[in-house]
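**Q** Could you work out the structure for the sequence below:
(one chain, ligands or ions: 1)
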Amino acid sequence: MYPDSMRESIRRMEATREARMKQTFPMRTAEEKKELLRRFHPDYIEESMRKLAVGPNQGERTPNELADVLEAWPVFDETSIDLSQVEQDVDVLIIGGGGAGAAAALTAQAAGARVLLVTKLRTGDANTMMAQGGIQAADKPNDSPARHYLDVLGGGHFKNIPSLARALVLDAPGVIAWLEELGVMFDKQKDGTMITIHGGGTSRKRMHACRDYTGAEIMRVLRDELVNRNVSRVEFAAAVELLTDGRGTVTGAVFVNLETGQKWIARAKTVILATGGCGRLHIQGFPCTNHYGATADGLVLAYRAGAKLIFMDTIQYHPTGVAYPEQIVGLLITEKVRGLGAQLVNDQGNRFIYELESRDITASAIIRECREGRGVRTPTGVFGVWLDSPLIEMLKGEGAVKASLPAMYHQFARYGIFMDREPVLTYPTQHYQNGGILIDEDGLSGVGNLYAAGEVSGGIHGRNRLMGNSLLDILVFGRRAGKAAAEAAKATKAVPELSLKHVAAFKRELAAAKVPRSRKSPMILPDYRQPAMRGRYSFLGPDPECVLPAD
Ligand SMILES: Cc1cc2nc3c(=O)[nH]c(=O)nc-3n(C[C@H](O)[C@H](O)[C@H](O)COP(=O)(O)OP(=O)(O)OC[C@H]3O[C@@H](n4cnc5c(N)ncnc54)[C@H](O)[C@@H]3O)c2cc1C
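**A** Predicted structure coming up:
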């Protein structure tokens, strides 16, 4: 339910609705986009980043919060572990039980490998489960992988690694077919044709969705498949270090049992990291859309083992996070809402950006509106702009909101806000890690026998990912990594040696760089009891400098 102070703003917004419905809003020119990013995108705030002092990316800029976990001491003393006590011995070890991990495990097992999937929480407690809007694939007659490729590159500001983007779009139709075969229930027309819609930055309607819970539906099916095919799994176990042979090739991992605190070892011929992103680091104090386990653990482990990271200075802030009510600040309002026709409107009742610009542009435009005093203020001092969702009903017919966005509708209805009749208030939220472990087309990192798939990897999306391409990438590269890791494991005849020498070497670098010994990682789960974590979201609060003179 909205307080009177916000209702006034809603009335201003409603007064312009009819005129806005007829309005076509131009896309920004390349120059305008550059300027918008430079002035308002959080990645461009110089003091929010620092150069890494240690490791393979030494000298490169990365957000302070990420640097804090990359430049940190291990959570245990490597000399305290008995490496002769091997609890699990497999061909392919997969770390992470989201979409990328599940796809990798299924493919590696199908290729004949002995597989073990270990995950921090339960299988499917992951960002994959939370994905709402959809998954891209160019599988309609008016579309092609070549068009999809150009969109991916445009969205990524042409910084993507071309071979990775190529693999992404070429495998896409096959991934949709695979999911269908496994039982994913995509939205379809009465005649059985897939319904596809636009996403930000896409030149064709190629977003396949399962209402607004696409990730949950995909994860449901993948998890069932892991069970049906008896894939070995261990849950509530967090990887806290990789093991190597002492000469730079990865040979397993050390885990901690989250219930007992006991450490145990898995030896493997190849390892696939599928640990997802870093949303819970709350870069620059932003709220986030991610699940609680998104704490960049995979990046930390791979970095210590010598893996090069790419694009670690770019984070994706989803333009439309919830800005009201307070209880759900930061949660996602899927891009599908804009895809269906909802407009972004400021406190004066005006549109200010074409709604389906790429995410970084749209987020920057919303931040601009709020900083320049055209944002809507909530009673607790959070700022945002309106997302005019009732427009969907006017454009698509009565009942369209509930039919297309059932999960989103209920998310707000619980707080007395009905998005088929009232707009919702929105502000950017930390959503996705654009960069990650540098991989090749098989998911192989720069470190021997270490593969990475999904959000933990980088390069595919350049400096900005388009909607629907992450659910796609986790499956494309999860499957590719699974197959390649299984083949590499088959070719490895010797029993892998186990060592933590790389950790000792990394500690020497940390000591030389005078990194405080109190700073430890991986984080495993965020600790919101810490004062530093409690002060999060302060940027959203009342700030006299927030209102800049418009120029
Ligand atoms: C709210 C939301 C909506 C989204 N909507 C879309 C969308 O519509 N379309 C789209 O394409 N993308 C979307 N995305 C992005 C996409 O869902 C994710 O990028 C993608 O699912 C990540 O998959 P993943 O398998 O790499 O990681 P995850 O699914 O996050 O899985 C990572 C797994 O690793 C485990 N793990 C982490 N650390 C450790 C450790 N130390 N040891 C053991 N296990 C560990 C985690 O617990 C988790 O199980 C959305 C994301 C969010 C958060």
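
**Q** In terms of pLDDT, where does the residue in the stretch 151-300 of the chain that the ligand sits nearest to sit?
**A** Among the residues of the stretch 151-300 of the chain, residue 276 lies closest to the ligand, at 2.7 Å counting by Cβ to the nearest ligand atom. (Glycine included, C-beta is placed from N, CA and C.) On the pLDDT scale, residue 276 is placed at 98.

**Q** Could you pull out the strands in the stretch 151-300 of the chain for me?
**A** Under the criterion DSSP state E, counting those that start in this stretch, the stretch 151-300 of the chain contains strands at 196-197, 207-208, 232-234, 237-244, 250-257, 263-273.

**Q** Give the partner strands of the third one in its sheet and their orientations.
**A** Strand partners for strand 232-234, identified by DSSP bridges, are recorded as strand 115-118 (parallel).

**Q** Can you name the next helix or strand after the strand it pairs with?
**A** Once strand 115-118 ends, the next helix or strand along the chain (criterion: DSSP states H and E) is helix 127-130.

**Q** re the thing from before, I'd guessed the residue of the stretch 151-300 of the chain closest to the ligand sits against residue 127; true?
**A** Yes: with contact defined as Cβ atoms under 8 Å, residue 276 and residue 127 form a contacting pair (5.3 Å).

**Q** what sits against the closest residue to the residue of the stretch 151-300 of the chain closest to the ligand other than its chain neighbours?
**A** Among residues not flanking residue 276 along the chain, residue 455 sits closest, at 4.7 Å (Cβ to Cβ, 6 or more residues apart in numbering). Applying Cβ atoms under 8 Å, 6 or more residues apart in numbering to residue 455 gives the contacts 100, 127, 276-277, 432-433, 436, 470, 474.

**Q** do you know how far residue 455 is from the ligand?
**A** Separation of residue 455 from the ligand (Cβ to the nearest ligand atom, to the nearest Å): 4 Å.

**Q** ok so, going back, and residue 276 and residue 127? Which one has more around it.
**A** More crowded of residue 276 and residue 127, by other Cβ atoms under 10 Å: residue 276, with 31 against 27.

**Q** got a list of what that one touches?
**A** 96, 98, 100, 126-128, 290-291, 293-294, 298, 454-456.

**Q** Let's see which of these end up in helices.
**A** The members of these that map onto helices under DSSP state H are 100, 127-128, 298.

**Q** about what we covered before: please convert the contacts of residue 455 to TSV, extending it with distance to residue 76.
**A** Below are the contacts of residue 455 laid out as TSV (distance: Cβ to Cβ, whole Å):
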residue	distance to residue 76
100	26
127	27
276	22
277	24
432	30
433	25
436	25
470	32
474	30
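
**Q** contacting residues around the residue of the stretch 401-550 of the chain at minimum distance from the ligand?
**A** When distances are taken as Cβ to the nearest ligand atom, the stretch 401-550 of the chain reaches nearest to the ligand at residue 454, 2.2 Å away. With contact taken as Cβ under 8 Å, 6+ apart, residue 454 is in contact with 96, 98-101, 274-276, 470, 473-474, 477-478.

**Q** OK, contacts around residue 405?
**A** By Cβ under 8 Å, 6+ apart, the neighbours of residue 405 are 211-212, 334, 336-337, 340, 392, 419.

**Q** From residue 187, how far off is it?
**A** Look at residue 405 and residue 187: by Cβ to Cβ, to the nearest Å, they are 12 Å apart.

**Q** cool, and residue 266?
**A** 40 Å.

**Q** In terms of neighbours, single out the busier of the two.
**A** Between residue 266 and residue 187, counted using other Cβ under 10 Å, the more crowded position is residue 266 (24 against 19).

**Q** Would you check that that one makes contact with residue 114?
**A** No: under the criterion of Cβ under 8 Å, residue 266 makes no contact with residue 114, lying 11.5 Å away.

**Q** who touches both of these two?
**A** Residues within reach of residue 266 and of residue 114 at once, by Cβ under 8 Å, 6+ apart, are residue 90.

**Q** What strand or helix carries residue 502?
**A** Assigned by DSSP H and E, residue 502 falls within helix 501-512.

**Q** ok, and for that helix, which residues are buried?
**A** Within helix 501-512, the residues that count as buried by 16 or more other Cβ atoms under 10 Å are 502-503, 506-507, 510.

**Q** now the residues you listed in CSV, with pLDDT?
**A** What follows is those, written out as CSV (pLDDT from 0 to 100):
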residue, pLDDT
502, 98
503, 98
506, 98
507, 98
510, 98
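
**Q** what's the neighbour count on the residue lying closest to residue 478 once chain neighbours are set aside?
**A** Among residues not flanking residue 478 along the chain, residue 103 sits closest, at 3.1 Å (Cβ to Cβ, 6+ apart). Per other Cβ under 10 Å, the neighbour tally for residue 103 reads 30.

**Q** got the angle for the helix or strand hosting residue 103 vs strand 263-273?
**A** Secondary structure from DSSP H and E places residue 103 in helix 99-110. Angle of helix 99-110 versus strand 263-273, following axes from the mean of the first three to the mean of the last three Cα atoms, to 10 degrees, is 90 degrees.
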